[in-house]
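Asks: here are the coordinates; sequence isn't available:
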């Protein structure tokens, strides 16, 4: 009797494994926002879809949206593991410690955490070199501004945003020595109304080109209403404000998702801290406005090419912070590890970093 | 800071305060009849999504506003039936309406994320808009802002000067007495609730058609709750609601404006200010017990059932 | 012909039948909804309501989710019975998380046996303080409690966000807005190895039982009950409404504060901006679903925890968006509120009534 049930069990297990072999490779995604937020989670979801399409049925993806960055995250990740997902992308900083815990519990599953800094054997991190896009944005804004004032809508004062503000300023300064940068912190990643308010506050203070670190197209729309210009964030936002739109810096996660999933399927994946930029096609300049003056367009493309080829690295010394201290010595370009810790404004930005 | 700059800030404050004004005007009527509806956020989101949908499909902005109003009415009717006919608790029903509306709006709007519409354009009023400063502040807005001006005056007139206003007040102060003199209490309350729904619907449309002409999930971001505080802040006076709405509008952009002047105070602490201010005002207005009795509708939040009348 | 007639006494039977009826109606609604979405309704309801209880891991996670809901709902049940319309559990929970975290972080790596008790105590005290202010304002200045508590929810949230961006931010955390991980000494003990079932869950169940005991077996509880059902009678009997108000409000604050500190020292393990995905608001639903009865709150909290988990699972297994789950919950609440009508009224057949 016992033997029989044992055999039956083994048979069942074999059956199950065989059935699994037929099944597509499963990949899970955890989003912090709704996929309909038009911003951060939306672009990750676009990347997911593009990746699934690329593998033509060999990969099946699952996502969970609106996952709170609290106690729920660890459970959702675990449930994705239990549902058979072999690679899990957790796409918000707040999922870091939940991902670390899950990675410890499930050593046979590969985890990839966006924007984090904790890694393990089966847990890698990936992040965008958004500062590259900011540098080009700064160049364009510096050339296009008539008031010599650029407005920057900050989300939260974390290194990524500070770094991007620095890059924007350096880009603008490189083409316009009289440039001023006004920064307003909206304290949100996403609130169209608040972002509109922030855009208006900046324009009230003389900014005529807006750059935003928040996700909705609201600042672009606000800029268009008042005849100012703005740069789209995260996705191609040109259609929201065809006149005001200079270009959008699009987050393009698909190449990384495709590469990672391929590597895991091939067994060649290794945990690393991956930084993707224009060179990796993970950032794209989308919909450059055809009405830009020729010289501006040429300068934008020239800067893009220089960054793509690696000839131009925005954080190359000598760079002083706004207290006059040298933070990047001459001849040195910040390494990725150093970039992750940028917590100073470059010389020329008169603000202080808030809490 | 020069005068032009201040005019610009006040102009922005009016724009930011307008959705709050619409909701609060609706809610004050509702509360004056003795009903507390906490479902604004849900009704507003439904107004925003349906308004956007209608405007997007027909290309007609006015139709979008009307659709949003109608949707607000329908949502408020769910609330009305539950609290008036079925005697459900107003607080719980309002919260349920918010939860339901948040979910339903996201569901209905999922295919319309990322779509664009033209939105309302500002229409400067001839002559008036050329008044120095004041013209810029008041008369260079879009149609819905002007509508909010008109509605404020209209509601102020109706509540203070007409029989309808008296009826409303009677129902909110003492429904039993009102019933005794032949006022149909439930009918008045239904109409008040629906009016509140319609106004909240317009507030939603203002968000998705004017303020940020697009639809995105949860785009109202808690404004319904702030409007609720505003009604108390204004101690149920229509004129003060208008003033309060612009003050709240100003407060919510002030922390953005001040940053531009190099204020280094924490943005989170600044963002807290409107809420702290409301608590203070509430304490001040309600500290005087005599006044409180005059101001707050006495039957607010309490059910009325004519069948329980002796 | 049927007619509606008011009952002279609220029906005890209907008090318990009504939620069941509401759930039944919601299930029917769910079937229609899921069919309309081309999802198998039986499968969807199974995933939504049964799968969360299907294995040990899921049950453990369900309990983790239940804990804060139950703690808040027990306090709210007592408040609502005493006609104190406290909407502030969310703020009290956040205050508890903040206060508890401050103490936990102050202990650092200390191995003092006092670390955990003092952390919990700080959380409870913060929750008490956060409910004491609106209570005082109501009793002293006659402020509307519903509105002050809502305002205090917002104030608590911004205070917490300020703290994780400022004084409590992890100095080694690359500037991200979250605290350092707590040491093991300040973490709640895990009751069942391999799960996240922590001591807080036991405390939450205990709190419900104690509240039930107070309510039904003590003179204080008797006063609360009389006060809630017949305020003039209670005043006539010489019960102090002030004392009762203080009692229920401070108790609710203490329990919500405990919920907050249990979240950070239990499943999360650090202070993050998103401690609560709205537990304090959901607890209002739990309190009503549980008939404002502490023991009823246990069942209701389990039910809601199942529904939340089911929502995530429905996304993972059936690709049902979160929006649908929100609608489902809203409708459930509508049906419940509607069904309560029959507690106070009944259907009578006209020919019987007139006979």
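Replies: Yes, it's here. Remember, it's a predicted structure, so these values are computed and weren't measured experimentally.
Asks: what's near enough to touch residue C:81?
Replies: C:215, C:224-225, C:227-228, C:248, C:292 (C-beta atoms under 8 Å, 6 or more residues apart in numbering or on different chains). (Glycine included, C-beta is placed from N, CA and C.)
Asks: gap between it and chain B?
Replies: 12 Å (C-beta to the nearest C-beta, to the nearest Å).
Asks: then residue A:339?
Replies: 24 Å.
Asks: that residue: neighbour count?
Replies: For residue A:339, the neighbour count with other C-beta atoms under 10 Å in any protein chain shown is 18.
Asks: ok, now residue B:40?
Replies: That count, for residue B:40 with other C-beta under 10 Å as the rule, works out to 34.
Asks: next: residue A:288.
Replies: 18.
Asks: what's the answer for residue C:110, then?
Replies: Quick note: residue C:110 (other C-beta under 10 Å) scores 12 neighbours.
Asks: got the contact list for it?
Replies: C:183, C:185.
Asks: shouldn't it be within a strand?
Replies: No. Counting by DSSP: H, G, I helix; E, B strand; the rest coil, residue C:110 falls outside a strand, being coil.
Asks: and residue 333, what does it touch?
Replies: In the absence of a named chain, this looks at chain A. The contact partners of residue A:333, by C-beta under 8 Å, 6+ apart, come to A:313, A:315-317.
Asks: oops, I was thinking of chain C
Replies: Here residue C:333 is in contact with B:92, B:95-96, B:99-100, C:285, C:288-289 (criterion: C-beta under 8 Å, 6+ apart).
Asks: just residue A:270 next, same as before
Replies: Per C-beta under 8 Å, 6+ apart, neighbours of residue A:270: A:124, A:263.
Asks: picking up where we left off before, now, which of the contacts of residue A:333 sits nearest residue A:335?
Replies: Using C-beta to C-beta, residue A:315 comes nearest to residue A:335 of the contacts of residue A:333, at 9.4 Å.
Asks: what's the pLDDT at the closest one?
Replies: pLDDT for residue A:315: 94.
Asks: same deal with residue B:308?
Replies: 48.
Asks: likewise residue A:250?
Replies: For residue A:250, the model assigns a pLDDT of 92.
Asks: does chain C sit close to stretch B:215-233?
Replies: Yes. Remark: stretch B:215-233 sits within contact range of chain C at B:217, B:222, B:225, B:228-229, B:232, by C-beta under 8 Å from any C-beta of the partner chain.
Asks: out of the residues you listed, the closest to chain A would be?
Replies: Nearest to chain A, judged by C-beta to the nearest C-beta, of the residues of stretch B:215-233 next to chain C is residue B:217 at 4.5 Å.
Asks: isn't that closest one right up against residue A:39?
Replies: No. Counting by C-beta atoms under 8 Å, residue B:217 does not reach residue A:39; the two are 10.8 Å apart.
Asks: what residue in the stretch 51-200 of chain C comes nearest to chain A?
Replies: residue C:166 (3.9 Å).
Asks: tell me, how many neighbours does that residue end up with?
Replies: 14.
Asks: tell me the one of the contacts of residue C:333 nearest residue A:92?
Replies: Nearest to residue A:92 among the contacts of residue C:333, with distances taken as C-beta to C-beta, is residue B:99, at 23.7 Å.
Asks: helix, strand, or coil at the closest one?
Replies: When the rule is three-state DSSP, residue B:99 gets the label helix.
Asks: please, which helix or strand holds the residue nearest the centre of chain C?
Replies: For chain C, residue C:283 is the residue whose C-alpha lies nearest the centre (C-alpha atoms, centre = their mean; 2.5 Å). Element membership for residue C:283 (DSSP states H and E) is helix C:279-289.
Asks: is whatever helix or strand comes next after that helix anywhere near chain B?
Replies: Toward the C-terminus, helix C:279-289 is succeeded by helix C:294-318 as the next helix or strand (DSSP H and E). No. Counting by C-beta under 8 Å from any C-beta, chain B is not contacted by helix C:294-318; separation bottoms out at 10.3 Å.
Asks: how about the contacts made by the most centrally placed residue in chain A?
Replies: By C-alpha atoms, centre = their mean, chain A has its centre lying nearest to residue A:128, at 4.8 Å. Going by C-beta under 8 Å, 6+ apart, residue A:128 touches A:251, A:275-277, A:282-283.
Asks: same deal with residue A:246?
Replies: A:137, A:140-141, A:144, A:209, A:229-231, A:288-289, A:292.
Asks: do you have the helices of the stretch 201-350 of chain A handy? List them.
Replies: Using DSSP state H, counting those that start in this stretch, the helices of the stretch 201-350 of chain A run over A:218-225, A:254-266, A:294-309, A:336-339.
Asks: could I get those helices in CSV, plus columns for mean pLDDT?
Replies: Output for those, formatted as CSV (pLDDT from 0 to 100):
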stretch, mean pLDDT
helix A:218-225, 92
helix A:254-266, 95
helix A:294-309, 94
helix A:336-339, 90
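Asks: let's have those in CSV, adding distance to chain C.
Replies: Shown next, in CSV, are those (distance: least, C-beta to the nearest C-beta, whole Å):
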stretch, distance to chain C
helix A:218-225, 21
helix A:254-266, 18
helix A:294-309, 24
helix A:336-339, 10
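Asks: winner for burial among those helices?
Replies: Greatest average neighbour count among the helices of the stretch 201-350 of chain A goes to helix A:218-225 (a mean of 26), per mean count of other C-beta atoms under 10 Å in any protein chain shown.
Asks: who does that one touch, helix- and strand-wise?
Replies: Applying 3 or more C-beta pairs under 8 Å, 6 or more residues apart in numbering or on different chains; DSSP states H and E, we find helix A:218-225 packed against helix A:192-204, strand A:209-212, strand A:229-234.
Asks: any low-confidence regions in chain B?
Replies: B:1, B:262, B:264-265, B:286-296, B:305-310 (pLDDT under 70).
Asks: quick one: the helices in it?
Replies: B:3-32, B:40-58, B:61-80, B:90-109, B:134-138, B:143-161, B:163-173, B:175-180, B:185-205, B:223-233, B:238-260, B:267-287, B:289-295 (DSSP state H).
Asks: now do the buried residues in the fifth one.
Replies: Taking 16 or more other C-beta atoms under 10 Å in any protein chain shown as the basis for neighbour counts, the residues of helix B:134-138 that come out buried are B:135-138.
Asks: which parts of the stretch 1-150 of chain A sit against chain C?
Replies: Near chain C, when you scan the stretch 1-150 of chain A using C-beta under 8 Å from any C-beta, you find A:28, A:34, A:62-72, A:74-76, A:78-80, A:82-83, A:93-94, A:97, A:117.
Asks: how about the backbone phi and psi for the residue nearest to the centre of chain A?
Replies: phi -100, psi 150 (degrees, to the nearest 10).
Asks: got the contact list for residue B:215?
Replies: B:48-49, B:52-53, B:109, B:112-113, B:115, B:208 are the contacts of residue B:215 under C-beta under 8 Å, 6+ apart.
Asks: which one of these is nearest to chain C?
Replies: residue B:109 (8.7 Å).
Asks: distance-wise, check the closest one relative to residue A:151.
Replies: Between residue B:109 and residue A:151 the computed distance is 30 Å (C-beta to C-beta, to the nearest Å).
Asks: could you do residue B:17 as well?
Replies: From residue B:17 to residue A:151 the distance is 22 Å (C-beta to C-beta).
Asks: tell me which of the two has more neighbours.
Replies: residue A:151 (32 against 27).
Asks: that one contacts residue A:182, doesn't it?
Replies: Yes. Using C-beta under 8 Å, residue A:151 is in contact with residue A:182, at 5.1 Å.
Asks: quickly list what's touching both of the two.
Replies: A:202, A:205, A:207.
Asks: could I get those as JSON lines with pLDDT, neighbour count and distance to residue C:260?
Replies: Output for these, formatted as JSON lines (pLDDT from 0 to 100; neighbours: other C-beta atoms under 10 Å in any protein chain shown; distance: C-beta to C-beta, whole Å):
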{"residue": "A:202", "pLDDT": "92", "neighbour count": "31", "distance to residue C:260": "36"}
{"residue": "A:205", "pLDDT": "87", "neighbour count": "22", "distance to residue C:260": "39"}
{"residue": "A:207", "pLDDT": "94", "neighbour count": "29", "distance to residue C:260": "40"}
